[in-house]
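J.: just need the structure, nothing else, for what follows:
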Amino acid sequence: MKTRFFIILFIVLATPTIAEAQCAMCRAVVESESGGKTAEAINNGIVYLMAAPYLLVAGLFYFIYRKMRG
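T.: This is a model prediction of the structure:
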């Protein structure tokens, strides 16, 4: 059970580094610059900000599930 939890946790934490996302304003600013490092940093920041609430809700549901199960 613990190994399964850690595997899922690893996948969830590794996903933000794989995924990419951009809002319209960020994309316009990044396209006007010539460096690729800025675009990558903005993508990572957006994905991390997006992932945090999902991790918190998933943790909440996990603890509720454990509490209800016994």
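J.: ok, Asn43 - how many residues close by?
T.: By other C-beta atoms under 10 Å, the residues close to Asn43 number 19. C-beta coordinates here come from the backbone N, C-alpha and C atoms, glycine included.
J.: state the pLDDT value of it.
T.: pLDDT, Asn43: 79.
J.: for Gly35, what are phi and psi?
T.: Note on Gly35: backbone dihedrals following degrees, to the nearest 10 are phi -80, psi 140.
J.: ok, it to Leu56 distance?
T.: Per C-beta to C-beta, to the nearest Å, Gly35 is found 33 Å from Leu56.
J.: again, but for Ala24
T.: Distance, Ala24 to Leu56, using C-beta to C-beta: 26 Å.
J.: and stretch 62-70, average pLDDT?
T.: The model assigns stretch 62-70 a mean pLDDT of 90.
J.: at the geometric centre of the chain, which residue do we find?
T.: The residue lying closest to the centre of the chain (C-alpha atoms, centre = their mean) is Ala51, at 3.1 Å.
J.: which one's more surrounded, Ala24 and Leu56?
T.: Set side by side, Ala24 and Leu56 show more neighbours around Leu56, with 10 against 6, by other C-beta under 10 Å.
J.: so how far is the one helix or strand that one maps to from its chain's centroid?
T.: With elements taken from DSSP states H and E, the one containing Leu56 is helix 36-69. Distance, stretch centre to chain centre, for helix 36-69: 5 Å (C-alpha atoms, centre = their mean, to the nearest Å).
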